[in-house]
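# Sequence and predicted structure, then a few things I'm wondering about:
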2 protein chains.
Amino acid sequence: MVVCPAMDTKKLAKVMKALSNPNRLELYMEIVRSQEARYDSAGECRLADVIGCLNIGAPTISHHLKELANADLITTERRGQHVVARINATTVDEVVAILGRAGSGLNRKRTR
Amino acid sequence: MVVCPAMDTKKLAKVMKALSNPNRLELYMEIVRSQEARYDSAGECRLADVIGCLNIGAPTISHHLKELANADLITTERRGQHVVARINATTVDEVVAILGRAGSGLNRKRTR
DNA sequence: TTCATATTTCGATATTTATCGAAATATAAT
DNA sequence: ATTATATTTCGATAAATATCGAAATATGAA
């Protein structure tokens, strides 16, 4: 069993920073959504699609995608014309595990 | 039963930003720690104490405390000479609930 | 009141960063 | 090969922010 992935503070801060910009966070949530609704989007999130909801330009979105990837929050892959983004659940799990310690316990991980 | 506290993206981004600076995150973790070890610190976190572990000045720490409080991550209260900081578990719970949706499910909230 | 300690406010500065438009590159279609 | 669409790179700029030292304020002790 894997015990305590131990993400250090520096790394955690980097993840937080990646999610600290409203537009970038919105972009991230959009990727989450597109992954939840796998049936109609094939779990793919394309920059072109997301330009519609966010009112920032393509260069900025490209930049934000890179920051999310750099924080290991997502992975990106070129699929033909498009770039596809996917959530990296491992990183999210680690963050939630650390943050959860400060919570009320309602969100505490199942131990069995 | 309270359903879906609905923290909006703006607010969530603000929380993330508050935790995005390494020193401020370290400060936050220190507050968490001091609260976990209630017996020896009475759950209190004093600026003077924390100056030791972090190598930044008192003015900066004061500033960071204000940012954490402003994001509703902590509450502060003057207790005599000192200022005491406490974690606001509600905010943490909300953040974890939102982020958790993107995770693997391992950290998913108990439903019963 | 005067002193010592803890914290905050103020003003300044250096760095980071979000965003843009223009141009470059990649890929697929005609 | 040319065209159309998607994405990235580049260079610039305005705004935000972390941090500092000095001075101000608050609180408790002598």
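Thanks, I have the structure now.

# by contact count, what packs against the helix or strand residue A:59 falls within?
Secondary structure assigned from DSSP states H and E places residue A:59 in helix A:58-70. Here helix A:58-70 is seen to pack against helix A:9-18, helix A:22-36, helix A:47-53, strand A:74-79, strand A:82-87 when contacts are counted using 3 or more C-beta pairs under 8 Å, 6 or more residues apart in numbering or on different chains; DSSP states H and E. All C-beta atoms are positioned from the backbone trio N, CA, C, and that covers glycine.

# quick one: buried residues of that helix?
By neighbour count on 16 or more other C-beta atoms under 10 Å in any protein chain shown, the buried set for helix A:58-70 is A:61, A:64, A:65, A:67, A:68.

# tell me the contacts of the second one?
Meaning residue A:64. By C-beta atoms under 8 Å, 6 or more residues apart in numbering or on different chains, the contact list for residue A:64 reads A:21, A:23, A:24, A:27.

# cutoff 6 Å now
With C-beta atoms under 6 Å, 6 or more residues apart in numbering or on different chains as the criterion, the residues that contact residue A:64 are A:24, A:27.

# bridging residues for residue A:74?
Taking DSSP bridges, one obtains residue A:87 as the residues bridged to residue A:74.

# Correct me if wrong: it contacts residue A:65.
No - using C-beta atoms under 6 Å as the test, residue A:74 is too far from residue A:65 to be in contact (7.3 Å).

# Columns distance to DNA strand C and mean pLDDT on top of the helices and strands packed on helix A:58-70, output as JSON lines?
Shown next, in JSON lines, are those (distance: least, C-beta to the nearest atom of the strand, whole Å; pLDDT from 0 to 100):
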{"stretch": "helix A:9-18", "distance to DNA strand C": "6", "mean pLDDT": "97"}
{"stretch": "helix A:22-36", "distance to DNA strand C": "4", "mean pLDDT": "94"}
{"stretch": "helix A:47-53", "distance to DNA strand C": "10", "mean pLDDT": "85"}
{"stretch": "strand A:74-79", "distance to DNA strand C": "5", "mean pLDDT": "94"}
{"stretch": "strand A:82-87", "distance to DNA strand C": "9", "mean pLDDT": "94"}
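
# Just put those in JSON lines and tack on distance to DNA strand D and mean neighbour count.
Shown next, in JSON lines, are these (distance: least, C-beta to the nearest atom of the strand, whole Å; neighbours: other C-beta atoms under 10 Å in any protein chain shown):
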{"stretch": "helix A:9-18", "distance to DNA strand D": "9", "mean neighbour count": "19"}
{"stretch": "helix A:22-36", "distance to DNA strand D": "11", "mean neighbour count": "20"}
{"stretch": "helix A:47-53", "distance to DNA strand D": "3", "mean neighbour count": "13"}
{"stretch": "strand A:74-79", "distance to DNA strand D": "6", "mean neighbour count": "14"}
{"stretch": "strand A:82-87", "distance to DNA strand D": "4", "mean neighbour count": "19"}
